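Participant: Provide a 3D model corresponding to the input given below.
(chains A and B)
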Amino acid sequence: DAGVTQSPTHLIKTRGQHVTLRCSPISGHKSVSWYQQVLGQGPQFIFQYYEKEERGRGNFPDRFSARQFPNYSSELNVNALLLGDSALYLCASSRTAGLAFVQFFGPGTRLTVL
Amino acid sequence: TQLLEQSPQFLSIQEGENLTVYCNSSSVFSSLQWYRQEPGEGPVLLVTVVTGGEVKKLKRLTFQFGDARKDSSLHITAAQPGDTGLYLCAGSMDSNYQLIWGAGTKLIIKP
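Facilitator: I've put the predicted structure just below:
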């Protein structure tokens, strides 16, 4: 079975622009989480979606939004990009959102904001 | 405030040496996971521990979950250059659905 896939792999934008990142979870996984990872740090939680409902949101501004589709794929949208949004954006999928919350990560989208 | 403190932040040792990485918290976790990440790639799950005092082995890697489920350690025996990477611990709590991450330990094994 294919793992978590993300697109695009790399993206360069300028300040003020908008970006949409995409994620397809592992087949059978109903939960998708998004993380931002700045170079040299651990991932920071942005959103979790389970069965198309938002289950959790991290400490990110309203410029960040996401949604999950009926096929459990997901999009992360970031508006009015800032230089500080440059990071590796990771998507992770899991079968459930319960105990022993095991997530599998995609390769990430490297976003550079100039 | 970082809920999960990893130490050391950086470690560079010679091939063949042993090492231990620590992941500590004042909070109780229902489970804790260890990941390894290479540059430009997503983290890869190594192990999940869910029971206080649990010890799991993965070849030369030994993972332990503290009795009180507040801390964990990763011990590598006879480290090899292929062990080089960023090691991350992440914990989950019953009260919410997000993972709490440590800042990572960057490990370099020199041949």
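Participant: Identify the residues contacting the residue lying closest to B:Val55 once chain neighbours are set aside.
Facilitator: Once flanking residues are discounted, B:Val55 sits nearest to B:Gln64: 5.0 Å by Cβ to Cβ, 6 or more residues apart in numbering or on different chains. All C-beta atoms are positioned from the backbone trio N, CA, C, and that covers glycine. Going by Cβ atoms under 8 Å, 6 or more residues apart in numbering or on different chains, B:Gln64 touches B:Val49, B:Gly53, B:Glu54, B:Val55, B:Lys56, B:Ser72, B:Ser73, B:His75.
Participant: Just list whatever residues bridge to B:Gln64.
Facilitator: B:Val55, B:Ser73 (DSSP bridges).
Participant: so how far is B:Ala79 from it?
Facilitator: Separation of B:Gln64 from B:Ala79 (Cβ to Cβ, to the nearest Å) stands at 18 Å.
Participant: and the closest residue to chain B within chain A, how many neighbours?
Facilitator: Residue nearest to chain B within chain A: A:Phe105 (3.4 Å; Cβ to the nearest Cβ). By the criterion of other Cβ atoms under 10 Å in any protein chain shown, A:Phe105 has 22 neighbours.
Participant: And the pLDDT at it?
Facilitator: A:Phe105 carries a pLDDT score of 92 in this model.
Participant: Give me the helices and strands touching the lowest-mean-pLDDT helix or strand in chain B, please.
Facilitator: For chain B, counting by mean pLDDT, DSSP states H and E, strand B:99-101 ranks last in confidence among helices and strands (a mean of 85). Counting by 3 or more Cβ pairs under 8 Å, 6 or more residues apart in numbering or on different chains; DSSP states H and E, the packing neighbours recorded for strand B:99-101 are strand A:44-50, strand B:85-92.
Participant: Compare the ones you listed and give me the one nearest B:Gly102.
Facilitator: Closest to B:Gly102 of the helices and strands packed on strand B:99-101, according to Cβ to Cβ: strand B:85-92, at 4.5 Å.
Participant: hmm, that closest one in reach of chain A?
Facilitator: Yes - against chain A, strand B:85-92 shows contacts by Cβ under 8 Å from any Cβ of the partner chain at B:Leu88, B:Ala90, B:Ser92.
Participant: That strand versus strand A:44-50: what angle between them?
Facilitator: In terms of direction (axes from the mean of the first three to the mean of the last three Cα atoms, to 10 degrees), strand B:85-92 departs from strand A:44-50 by 50 degrees.
Participant: name the helices or strands packed onto strand B:85-92?
Facilitator: strand B:5-7, strand B:19-24, strand B:31-37, strand B:71-76, strand B:99-101, strand B:105-110.
Participant: and the longest one, is it in reach of chain A?
Facilitator: This points to strand B:31-37. Yes - using Cβ under 8 Å from any Cβ, we find that strand B:31-37 touches chain A at B:Ser31, B:Gln33, B:Tyr35.
Participant: which neighbours does that strand have in its sheet, and in what orientation?
Facilitator: For strand B:31-37, pairing defined by DSSP bridges yields strand B:44-49 (antiparallel), strand B:85-92 (antiparallel).
Participant: just how off-centre is it within its chain?
Facilitator: Remark: strand B:31-37 is offset 6 Å from the chain centroid, using Cα atoms, centre = their mean, to the nearest Å.
Participant: Show residues contacting it.
Facilitator: Strand B:31-37 has contacts (Cβ under 8 Å, 6+ apart) with A:99-103, A:105, B:23, B:43-50, B:63, B:65, B:69, B:72, B:74, B:85-92, B:99, B:104.
Participant: what does chain B put close to chain A?
Facilitator: Counting by Cβ under 8 Å from any Cβ, chain B sits next to chain A at B:6, B:30-31, B:33, B:35, B:40-45, B:48, B:50, B:88, B:90, B:92, B:94, B:96-99, B:101-104, B:106.
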